[in-house]
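Q: Compute the structure for the input listed below.
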Amino acid sequence: MQYRSVYHHWFYRKEVENKTLWLPFSMQDSLKLEEVHNSSDITPETTVATDGGRFDVDILRRQRAPVYWIGTSNEVRRCSWFFKGAAEPRYIPYNESTAAKLEDEYKLACLSNNWNRKIELNNGEYIVFHSATVQVHYLQPTSPDVAGSWGNNAVSRSILYIYIYIIIYIYYI
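A: Coordinates of the predicted model:
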């Protein structure tokens, strides 16, 4: 398998009606943010104007702040890997250190063609790379009987997905 490094896109966090949303910057703003991020001239005072100049992004602090009015700052992330939350219809970016770890592990799996790798995350959860296109994120159980139930939860869906994957794999061998 040939490996190609991932493209990064920048997102900002916004609280809307007691929900946390991760919204993408425009392609133009994301490219500007990436250019400054990769620059050797970046200083603690460096900011990047986004949204037509209405917001400034402090790349080093990963904060987005309004320019023309008083308002709260939003967290900003340089994103490459995403997961789908159990109760969320949208994809959520992993934090940057987890995304970097996943990218390194994915690259290693691609170049060595060594799949079915278990990558431990810091919170007791883990991800298994089954192939270049199948990765499963196993969440930490919220109660002792979660793993044994087949109700509507992410762990059950992940386990079911693995069983389906195994059945399909065995069928085609």
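Q: the domain parsing of this structure - what is it?
A: By the assignment in automatic domain parsing, the chain contains the domains 9-79, 82-172.
Q: nearest to residue 3, of those domains?
A: Closest approach to residue 3 among these (Cβ to Cβ): domain 82-172, 4.1 Å. C-beta: built from backbone N, CA, C; applies to glycine.
Q: before we move on, the earlier item: could the domains of the chain be laid out in a markdown table, adding mean pLDDT, distance to residue 2 and mean neighbour count?
A: Formatted as a markdown table, the domains of the chain follow (pLDDT from 0 to 100; distance: least, Cβ to Cβ, whole Å; neighbours: other Cβ atoms under 10 Å):
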| stretch | mean pLDDT | distance to residue 2 | mean neighbour count |
| --- | --- | --- | --- |
| domain 9-79 | 95 | 22 | 15 |
| domain 82-172 | 73 | 8 | 14 |
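Q: what's the spacing between residue 53 and residue 8?
A: 23 Å (Cβ to Cβ, to the nearest Å).
Q: Any chance of TSV for the domains of the chain, columns distance to residue 3?
A: Output for the domains of the chain, formatted as TSV (distance: least, Cβ to Cβ, whole Å):
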stretch	distance to residue 3
domain 9-79	19
domain 82-172	4
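Q: ends of stretch 41-52, how far apart?
A: Terminal residues of stretch 41-52 are spaced 23 Å apart (Cα to Cα, to the nearest Å).
Q: Would you agree residue 81 is in contact with residue 92?
A: No - contact criterion Cβ atoms under 8 Å: residue 81 and residue 92 do not qualify, at 10.2 Å.
Q: quick one: strands adjacent to the lengthiest strand in the chain?
A: Criterion DSSP state E: the longest strand present in the chain is strand 9-16. Its sheet considered, strand 9-16 pairs with strand 19-24 (antiparallel), strand 74-79 (antiparallel) by DSSP bridges.
Q: Make a markdown table from those strands and add distance to residue 42 to it.
A: Shown next, in a markdown table, are these (distance: least, Cβ to Cβ, whole Å):
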| stretch | distance to residue 42 |
| --- | --- |
| strand 19-24 | 22 |
| strand 74-79 | 13 |
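Q: Do a quick rundown of the helices in this structure.
A: 27-37, 96-112, 154-172 (DSSP state H).
Q: just checking, residue 7 touches residue 80?
A: Yes - if you go by Cβ under 8 Å, residue 7 and residue 80 touch, sitting 7.3 Å apart.
Q: higher neighbour count, these two?
A: Comparing residue 7 with residue 80 by other Cβ atoms under 10 Å, the one with more neighbours is residue 80, at 18 against 9.
Q: Having no further points to raise, I will conclude here.
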